[in-house]
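Chemist: this is the structure alone, sequence omitted:
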Ligand SMILES: Nc1ncnc2c1ncn2[C@@H]1O[C@H](COP(=O)(O)OP(=O)(O)O)[C@@H](O)[C@H]1O
Ligand SMILES: [Mg+2]
């Protein structure tokens with residue numbers, strides 16, 4: 001196979017859209033992918049449709065198997081992002097010396113400005129210095145920690161792997177059930193509050209977590225009620241710093257609405273690509289990875305379970321128009337109503353969250369153990385066929401999500 005040697009100058013990025021499989025190897029110097037250092041001599045494989053960016057602070061030489069790359073000549077914002085990391089590390093050192101709380105930051109902006117990527121870099125750089133920041137991902141559409149329809153948090157102890165992402169170790173995951181916060185904003189805000197409470201407890205009890213701080217990733221849903229929810233996130237997590245990517249409008253509004261928070265505006269990278277068409281694929285891949293592993297190397301279980309052995313719930317009742325209610329009657333907002341539902345063929349392809357709670361009233365406030373997907377429902381035999389990483393979910397409480405997964409092999 002013919003290979004090409006590419007020299008990347010200090011401070012430059014090598015970016016690419018992979019057409020077919022591409023193998024890259026760091027021959028000399030130092031380089032990183034979204035905050036994770038590359039090992040010299042290791043062959044990194046990128047598959048068709050993937051986008052990558054290799055950044056070098058000092059300069060390096062890469063060997064590539066194909067031509068699917070270009071050295072970006074634009075002014076990339078990596079040195080600015082690294083300065084932010086430097087500032088955060090200084091705050092951690094101060095917190096360490098004074099035994100106080102380390103920095104809590106939140107990253108905000110419209111969709112496709114590089115929010116998730118910046119969060120990933122910030123926690124990776126922190127982990128490389130031995131810190132253990134808590135990464136909170138509140139993006140219910142494209143969560144880096146769990147599958148779509150959830151919010152999640154985890155302690156980052158080591159940088160994400162280039163090929164397989166973060167090593168997800170004991171994550172805290174809450175059910176939401178939709179792909180955008182606007183579908184049920186009341187429920188979204190409620191689970192954000194629960195998550196913040198758990199993160200606060202962890203910070204208070206584990207000194208390393210307290211000092212390392214928190215990085216909160218958000219959705220790009222920032223207009224109207226999204227903006228209000230956004231302020232709710234900032235208050236619930238008591239953030240000290242908000243990084244706004246590429247939106248003067250948002251930064252100005254936040255500075256006047258949250259005077260006690262430091263708001264920093266940063267440019268987006270020229271390498272960030274709109275994901276429009278790729279979003280559904282990203283979501284599907286995230287769920288597929290959950291069941292089949294990042295390298296398609298896990299074999300999930302498929303089993304049939306009796307209707308009597310599971311209890312399925314749905315959270316949030318449909319809003320009844322005022323015109324359908326008797327005159328003068330006011331219904332309590334049903335956004336967080338927990339309702340048992342009878343298994344039926346309408347459940348097919350739906351993701352069901354497996355709760356750690358055995359009390360239906362606690363379904364919203366308790367961590368999820370995992371997920372299953374309904375593959376088939378037989379009303380005559382009164383049984384459900386489930387795709388599941390575990391061999392059984394007997395007697396567990398399951399929560400129906402609006403998120404679907406069609407398991408096409
Ligand atoms: N510097 C970069 N070079 C190449 N691709 C990038 C760069 N930064 C981000 N990307 C890619 O751009 C896409 C959008 O970035 P993402 O962080 O997901 O945006 P957001 O979270 O704001 O929606 C992702 O596929 C990401 O891998
Ligand atoms: Mg994102």
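Modeler: Good, I have the coordinates. All of these numbers come straight from a predicted model, not from anything done at the bench. Numbering: from 1, shown residues only. Ligands and ions are numbered 1, 2, ... in the order given.
Chemist: for ligand 1, what are the nearby residues on the stretch 251-400 of the chain?
Modeler: Proximity of the stretch 251-400 of the chain to ligand 1, by CB under 6 Å from any ligand atom, involves residues 269, 271-273, 275. Bear in mind the C-beta positions are built from the backbone N, C-alpha and C, glycine included.
Chemist: quick one: which of the residues you listed is nearest residue 138?
Modeler: Nearest to residue 138 among those, counting by CB to CB, is residue 275 at 17.7 Å.
Chemist: which ones are touching that closest one?
Modeler: 111-112, 142, 282 (CB atoms under 8 Å, 6 or more residues apart in numbering).
Chemist: same thing with residue 108?
Modeler: Applying CB under 8 Å, 6+ apart, the residues contacting residue 108 are 115, 218, 222, 230, 242-245, 247, 250, 254.
Chemist: if we can go back for a sec, just the buried members of the residues of the stretch 251-400 of the chain next to ligand 1?
Modeler: Among these, those scoring as buried are 269, 271-272 (criterion: 16 or more other CB atoms under 10 Å).
Chemist: columns secondary structure and pLDDT on top of the residues you listed, output as a markdown table?
Modeler: Putting those into a markdown table (DSSP: H, G, I helix; E, B strand; the rest coil; pLDDT from 0 to 100) gives the following:
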| residue | secondary structure | pLDDT |
| --- | --- | --- |
| 269 | coil | 93 |
| 271 | coil | 88 |
| 272 | coil | 89 |
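Chemist: ok, those vs ligand 1, which is closest?
Modeler: residue 271 (2.3 Å; CB to the nearest ligand atom).
Chemist: didn't the closest one look like it was pressed against residue 72?
Modeler: Yes - checked against CB atoms under 8 Å, the pair residue 271 and residue 72 is within contact range at 6.3 Å.
Chemist: roughly how far does the closest residue to ligand 2 within the stretch 151-300 of the chain sit from residue 62?
Modeler: Of all residues in the stretch 151-300 of the chain, residue 217 sits closest to ligand 2, at 6.2 Å by CB to the ion. Going from residue 217 to residue 62 by CB to CB, to the nearest Å gives 29 Å.
Chemist: quick one: which of the two has more around it?
Modeler: Counted by other CB atoms under 10 Å, residue 217 and residue 62 do not tie: residue 217 has more neighbours, with 26 against 23.
Chemist: and the strand ranked longest in the chain, which residues are buried?
Modeler: The residue-count maximum for a strand in the chain (DSSP state E) belongs to strand 368-378. For strand 368-378, the buried set under the neighbour-count rule, 16+ other CB under 10 Å, comprises 368, 370-375, 377.
Chemist: show me what the least confident helix or strand in the chain by mean pLDDT is packed up against.
Modeler: Sorting the helices and strands of the chain by mean pLDDT, DSSP states H and E puts strand 70-72 at the bottom, at a mean of 82. Contacts defined by 3 or more CB pairs under 8 Å, 6 or more residues apart in numbering; DSSP states H and E place strand 70-72 against strand 13-17.
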